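J.: no letters, just coordinates:
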């Protein structure tokens, strides 16, 4: 007898250590995850599809059963990037202009993340 499984587009419970809805795999207190855990990997990004923050696209893939939606350009003035060091929610505009340092606390962000902006932000 075949059985069906119910799937949802809702990610697992959010991490209550953060004031924003943040989800991911093996997330540490500064938003590093199983996939990206260098000292400078302290950014979580908000996905438009589920309005939740994830440390990376791989966390989104593992935590959901839907395709990711990039943050739309007409919402670049809304908070969509979280600094894991100081927990400041940044607009996409502020993040893209910050030159790899949090504008609120000065913590270094991974400059390699620039190579993945197309996964998170519309252009």
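T.: Cool, the structure landed. Keep in mind it's a predicted model, so treat the numbers as computed, not measured. Numbering: from 1, shown residues only.

J.: which SS state does the closest residue in space to residue 24 that isn't next to it in sequence fall under?
T.: With C-beta to C-beta, 6 or more residues apart in numbering as the criterion, residue 24 has its nearest non-adjacent residue at 3.7 Å, and that residue is residue 59. (Each C-beta comes from the backbone N, C-alpha and C, glycine too.) Three-state assignment for residue 59 (DSSP: H, G, I helix; E, B strand; the rest coil): helix.

J.: list the contacts for residue 59?
T.: Neighbouring residues of residue 59 by C-beta atoms under 8 Å, 6 or more residues apart in numbering: 23-25, 27, 33-35.

J.: then residue 36?
T.: The contact partners of residue 36, taken as C-beta under 8 Å, 6+ apart, are 55-56, 110.

J.: give me that answer again for 10 Å
T.: Neighbouring residues of residue 36 by C-beta atoms under 10 Å, 6 or more residues apart in numbering: 24, 42-43, 55-59, 110, 112-113, 116.

J.: quick one on the thing from earlier: how much space is there between the residue nearest to residue 24 and residue 88?
T.: To residue 88, residue 59 is 20 Å away according to C-beta to C-beta, to the nearest Å.

J.: having no further points to raise, I will conclude here.
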